[in-house]
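[1] build the 3D model from these lines:
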Amino acid sequence: MVEDASTGMTPSGSSLARIGAALILLALVLSAARAGLATTVVAKSFEAICHEADMVFIGSVSRVESRWAAPEQGTIDTLVTFSDLVPLFGVEDEEVVLRFAGGAVDGMREEIAGMPHFRVGDRVVVFARHGRLVSPVVGFHQGLFRVVERDGVPVVLNQGRFPVTAVEGKALRFGSAAEGASSAMTLDAFLERVRDALRTRPDAAR
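    Numbering: from 1, shown residues only. Alright, predicted model coming up:
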(Lines give C-alpha, C1' and ligand atoms only; values in the text may rest on other atoms or scores of the structure.)
Protein backbone atom coordinates (compact mmCIF):
# COMPACT_ATOMS: atom_id res chain seq x y z
CA MET A 1 0.00 0.00 0.00
CA VAL A 2 1.26 3.48 -0.89
CA GLU A 3 0.98 6.16 1.79
CA ASP A 4 1.46 9.90 1.43
CA ALA A 5 4.35 10.66 3.76
CA SER A 6 3.22 14.25 4.26
CA THR A 7 -0.32 13.41 5.42
CA GLY A 8 -0.17 9.76 6.47
CA MET A 9 -3.23 9.14 4.23
CA THR A 10 -3.57 6.54 1.52
CA PRO A 11 -3.88 8.21 -1.91
CA SER A 12 -7.01 7.71 -3.99
CA GLY A 13 -6.99 5.68 -7.21
CA SER A 14 -6.57 8.78 -9.35
CA SER A 15 -3.66 9.94 -7.20
CA LEU A 16 -2.03 6.53 -7.53
CA ALA A 17 -2.45 6.75 -11.31
CA ARG A 18 -0.77 10.16 -11.35
CA ILE A 19 2.05 8.88 -9.15
CA GLY A 20 2.48 5.85 -11.42
CA ALA A 21 2.56 8.01 -14.54
CA ALA A 22 5.11 10.32 -12.95
CA LEU A 23 7.32 7.38 -12.00
CA ILE A 24 7.09 5.93 -15.49
CA LEU A 25 7.99 9.32 -17.00
CA LEU A 26 10.92 9.65 -14.61
CA ALA A 27 12.11 6.17 -15.54
CA LEU A 28 11.93 7.02 -19.23
CA VAL A 29 13.84 10.26 -18.73
CA LEU A 30 16.55 8.52 -16.71
CA SER A 31 16.72 5.72 -19.25
CA ALA A 32 17.10 8.22 -22.09
CA ALA A 33 19.78 10.07 -20.16
CA ARG A 34 21.71 6.87 -19.56
CA ALA A 35 21.37 5.93 -23.22
CA GLY A 36 22.72 9.33 -24.22
CA LEU A 37 25.68 8.96 -21.89
CA ALA A 38 26.40 5.50 -23.27
CA THR A 39 26.30 6.59 -26.92
CA THR A 40 29.70 6.52 -28.58
CA VAL A 41 30.87 7.16 -32.13
CA VAL A 42 33.34 4.53 -33.29
CA ALA A 43 36.15 5.92 -35.44
CA LYS A 44 35.92 4.60 -39.00
CA SER A 45 38.62 4.19 -41.59
CA PHE A 46 38.28 5.84 -44.97
CA GLU A 47 37.68 2.41 -46.50
CA ALA A 48 34.89 1.65 -44.01
CA ILE A 49 33.20 4.98 -44.75
CA CYS A 50 33.24 4.17 -48.47
CA HIS A 51 32.16 0.55 -48.04
CA GLU A 52 29.36 1.10 -45.52
CA ALA A 53 27.59 3.86 -47.44
CA ASP A 54 24.40 3.05 -49.33
CA MET A 55 24.82 6.24 -51.32
CA VAL A 56 27.73 8.57 -52.04
CA PHE A 57 27.34 11.91 -53.75
CA ILE A 58 28.46 15.50 -54.02
CA GLY A 59 25.57 17.92 -53.56
CA SER A 60 24.53 21.43 -52.65
CA VAL A 61 22.10 22.01 -49.79
CA SER A 62 18.96 23.52 -51.33
CA ARG A 63 16.53 23.22 -48.40
CA VAL A 64 16.68 22.69 -44.63
CA GLU A 65 13.32 22.12 -42.94
CA SER A 66 12.62 21.09 -39.34
CA ARG A 67 9.32 19.50 -38.32
CA TRP A 68 7.77 17.71 -35.37
CA ALA A 69 8.60 14.01 -35.53
CA ALA A 70 6.43 13.20 -32.49
CA PRO A 71 4.87 16.33 -30.94
CA GLU A 72 3.60 14.38 -27.93
CA GLN A 73 7.19 13.39 -27.15
CA GLY A 74 8.71 16.74 -28.08
CA THR A 75 10.98 15.20 -30.72
CA ILE A 76 12.01 17.02 -33.89
CA ASP A 77 13.40 15.94 -37.25
CA THR A 78 15.25 18.03 -39.81
CA LEU A 79 14.98 17.22 -43.52
CA VAL A 80 17.94 18.31 -45.62
CA THR A 81 17.54 18.38 -49.41
CA PHE A 82 20.61 18.08 -51.63
CA SER A 83 20.48 19.19 -55.27
CA ASP A 84 22.95 19.79 -58.12
CA LEU A 85 24.18 16.26 -57.52
CA VAL A 86 27.28 14.48 -58.72
CA PRO A 87 26.38 10.83 -57.98
CA LEU A 88 29.26 8.55 -57.04
CA PHE A 89 27.42 5.47 -55.79
CA GLY A 90 23.81 4.37 -55.24
CA VAL A 91 22.15 7.62 -56.39
CA GLU A 92 19.79 7.85 -59.36
CA ASP A 93 17.44 10.72 -58.47
CA GLU A 94 17.99 14.43 -59.13
CA GLU A 95 17.64 15.23 -55.43
CA VAL A 96 18.42 13.41 -52.20
CA VAL A 97 16.55 14.12 -48.96
CA LEU A 98 18.11 12.97 -45.70
CA ARG A 99 16.44 13.03 -42.28
CA PHE A 100 18.44 14.04 -39.21
CA ALA A 101 17.16 13.91 -35.63
CA GLY A 102 16.87 17.27 -33.87
CA GLY A 103 16.22 20.81 -35.04
CA ALA A 104 14.08 23.80 -34.13
CA VAL A 105 10.27 24.18 -34.44
CA ASP A 106 7.85 26.69 -32.88
CA GLY A 107 10.53 28.17 -30.66
CA MET A 108 11.57 24.73 -29.37
CA ARG A 109 15.01 23.30 -30.11
CA GLU A 110 16.29 19.74 -29.84
CA GLU A 111 20.08 19.49 -29.98
CA ILE A 112 22.08 16.29 -30.37
CA ALA A 113 25.79 16.54 -29.69
CA GLY A 114 27.92 16.03 -32.78
CA MET A 115 24.99 16.17 -35.20
CA PRO A 116 25.95 17.74 -38.54
CA HIS A 117 24.38 21.12 -39.27
CA PHE A 118 23.63 22.46 -42.74
CA ARG A 119 22.94 25.79 -44.37
CA VAL A 120 21.42 26.40 -47.78
CA GLY A 121 24.26 26.74 -50.25
CA ASP A 122 26.65 24.35 -48.49
CA ARG A 123 28.52 22.13 -50.95
CA VAL A 124 29.31 18.74 -49.46
CA VAL A 125 30.46 15.19 -50.16
CA VAL A 126 28.10 12.80 -48.38
CA PHE A 127 28.43 9.12 -47.50
CA ALA A 128 24.98 8.12 -46.24
CA ARG A 129 22.97 5.09 -45.20
CA HIS A 130 19.33 4.21 -45.77
CA GLY A 131 16.91 3.73 -42.88
CA ARG A 132 15.52 5.77 -40.02
CA LEU A 133 18.68 6.66 -38.14
CA VAL A 134 19.57 9.45 -35.74
CA SER A 135 22.08 10.54 -38.37
CA PRO A 136 22.09 8.94 -41.82
CA VAL A 137 25.73 9.95 -42.35
CA VAL A 138 28.12 7.00 -42.06
CA GLY A 139 29.87 7.18 -38.71
CA PHE A 140 27.32 9.77 -37.48
CA HIS A 141 29.32 12.69 -38.91
CA GLN A 142 32.49 11.06 -40.24
CA GLY A 143 31.08 10.52 -43.73
CA LEU A 144 30.39 14.22 -44.31
CA PHE A 145 32.98 16.45 -45.99
CA ARG A 146 32.63 20.12 -46.77
CA VAL A 147 33.79 21.56 -50.06
CA VAL A 148 35.25 25.08 -49.91
CA GLU A 149 37.41 27.07 -52.29
CA ARG A 150 41.08 27.89 -51.96
CA ASP A 151 42.20 30.38 -54.60
CA GLY A 152 39.30 29.29 -56.79
CA VAL A 153 40.08 25.57 -56.41
CA PRO A 154 37.63 23.31 -54.51
CA VAL A 155 39.25 21.62 -51.50
CA VAL A 156 37.90 19.32 -48.78
CA LEU A 157 37.42 19.79 -45.04
CA ASN A 158 35.81 17.37 -42.61
CA GLN A 159 32.63 18.09 -40.64
CA GLY A 160 34.67 19.84 -37.95
CA ARG A 161 36.28 21.99 -40.67
CA PHE A 162 39.70 20.39 -40.25
CA PRO A 163 41.46 20.10 -43.62
CA VAL A 164 41.67 16.63 -45.16
CA THR A 165 45.35 16.54 -46.05
CA ALA A 166 45.79 12.99 -47.35
CA VAL A 167 44.35 9.52 -47.71
CA GLU A 168 47.06 7.05 -46.76
CA GLY A 169 46.02 3.44 -47.24
CA LYS A 170 42.75 3.09 -45.35
CA ALA A 171 43.28 6.18 -43.17
CA LEU A 172 42.35 9.82 -43.53
CA ARG A 173 44.87 12.43 -42.45
CA PHE A 174 43.83 15.83 -41.16
CA GLY A 175 45.59 19.12 -40.59
CA SER A 176 44.85 21.62 -37.86
CA ALA A 177 41.85 23.91 -37.77
CA ALA A 178 44.27 26.85 -37.80
CA GLU A 179 45.54 25.75 -41.21
CA GLY A 180 42.03 25.87 -42.63
CA ALA A 181 41.87 25.27 -46.35
CA SER A 182 45.56 26.07 -46.91
CA SER A 183 46.69 22.44 -46.51
CA ALA A 184 43.53 20.66 -47.68
CA MET A 185 43.39 18.11 -50.50
CA THR A 186 41.77 19.29 -53.68
CA LEU A 187 38.31 17.91 -54.34
CA ASP A 188 39.58 16.18 -57.50
CA ALA A 189 42.33 14.37 -55.56
CA PHE A 190 39.90 13.37 -52.83
CA LEU A 191 37.35 12.04 -55.32
CA GLU A 192 40.05 9.99 -57.03
CA ARG A 193 40.67 8.20 -53.73
CA VAL A 194 36.92 7.82 -53.14
CA ARG A 195 36.44 6.18 -56.52
CA ASP A 196 39.39 3.87 -55.87
CA ALA A 197 37.82 2.75 -52.57
CA LEU A 198 34.37 2.33 -54.12
CA ARG A 199 35.82 0.02 -56.76
CA THR A 200 36.89 -2.40 -54.02
CA ARG A 201 33.36 -2.80 -52.63
CA PRO A 202 31.78 -6.26 -52.94
CA ASP A 203 28.81 -4.58 -54.66
CA ALA A 204 30.90 -2.26 -56.84
CA ALA A 205 28.87 -3.20 -59.91
CA ARG A 206 25.78 -1.34 -58.59
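
[2] was I right to think residue 159 contacts residue 139?
    No - using C-beta atoms under 8 Å, residue 159 is not in contact with residue 139, being 9.7 Å away. Placement of C-beta: from N, CA and C, glycine included.

[3] how about the helix or strand where residue 173 lies: buried residues?
    Residue 173 is part of strand 171-174 when elements are defined by DSSP states H and E. Neighbour counts over strand 171-174 (16 or more other C-beta atoms under 10 Å) mark 172, 174 as buried.

[4] average pLDDT across it?
    Taken as a whole, strand 171-174 carries a mean pLDDT of 94.

[5] ok, now which ones touch the spatially most central residue of the chain?
    With distances taken as C-alpha atoms, centre = their mean, residue 135 lies nearest the centre of the chain, 3.3 Å away. Going by C-beta atoms under 8 Å, 6 or more residues apart in numbering, residue 135 touches 100-101, 112, 115-116, 141.

[6] go through the residues you listed and say which is closest to residue 147.
    residue 116 (14.1 Å; C-beta to C-beta).

[7] the strands in the chain, which residues?
    55-70, 75-89, 96-101, 103-105, 108-110, 123-128, 144-150, 153-158, 164-168, 171-174 (DSSP state E).

[8] now the first one: buried residues?
    For strand 55-70, burial by neighbour count (16+ other C-beta under 10 Å) applies to 55-61, 64, 66, 68-69.

[9] ditto for the fifth one
    Within strand 108-110, the residues that qualify as buried by neighbour count (16+ other C-beta under 10 Å) are residue 110.

[10] again, but for the second one
    Within strand 75-89, the residues scored as buried using 16+ other C-beta under 10 Å are 76-78, 80-82, 85, 88-89.

[11] now the two most distant members of the contacts of residue 135.
    Going by C-beta to C-beta, the pair spanning the contacts of residue 135 furthest: 101 and 141, at 12.6 Å.
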